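Q: Provided below are the primary sequence and the corresponding predicted coordinates.
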Amino acid sequence: MKIIVNGRHLEITPALKSYAEDKLSKFDRYLSQITEATVTLSVEKYRHKAEVLMKANGVMIQAEGVTGEIYSSIDQVVEKLEKQVKKYKEKMCSHRKGEGKGAAAPSRPEPELGKIIKKKRFDMKPMSPDEAAMQMELLDKDFFVFTNQLSGEINVIYKRNDGNFGLIEPAK
């Protein structure tokens, strides 16, 4: 696994880098398909934030931890990642057996309307709507944009208020 450690408003010392790498290297034992882990450490006043984005077999697992100390932020984000990796592995096992998916997480309040303040780019591998729903839950998002492997078109899957999922497909 390739581990990239970045710093925002923070100088990455060799001790800090090795601490983050040691904590993340244990995920190789849990999930062997992890290709890359990007760690972003930042400081804003008294808030120390650690964000991790792991790419595993076309799936992205993301978590962040915010505390008053950078080392404890790393520990917190690793705990969150452990839960998400276990959840991912359980879903993969139940998916192979043909069992149903778990219940959806409760929806979060909607942010205020305004201008675009952040842009992200992602590699989109073709996947089924079921895989997209699993990816959306792993990222803890309310919607997910993906390429449908059957039609080859861009689709959007989203969480409904009743706990189910909705799928938006382009009209032909």
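A: That came in fine, so what should we check first?

Q: for the longest helix along the chain, buried residues please.
A: The longest helix of the chain (DSSP state H) is helix 70-97. Across helix 70-97, burial judged by 16 or more other Cβ atoms under 10 Å covers 70, 73, 74, 76, 77, 78, 80, 81, 84, 85, 88, 91. Heads up, the C-betas are built off the backbone N, CA and C, glycines and all.

Q: other SSEs contacting it?
A: helix 14-25, helix 27-30, strand 34-44, strand 47-56, strand 59-67, helix 129-139 (3 or more Cβ pairs under 8 Å, 6 or more residues apart in numbering; DSSP states H and E).

Q: what strand or helix carries residue 155?
A: Secondary structure from DSSP states H and E places residue 155 in strand 154-159.

Q: immediately after that strand, which helix or strand?
A: The C-terminal neighbour of strand 154-159 among helices and strands, as given by DSSP H and E, is strand 165-168.

Q: CA atoms of that next one as CSV?
A: Provided in CSV are the C-alpha atoms of strand 165-168 (Å, rounded to 0.1, in the frame of the first residue of the first chain):
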residue,chain,number,x,y,z
PHE,A,165,-32.7,4.4,-2.2
GLY,A,166,-33.6,6.2,-5.4
LEU,A,167,-31.9,5.9,-8.8
ILE,A,168,-31.8,8.7,-11.4
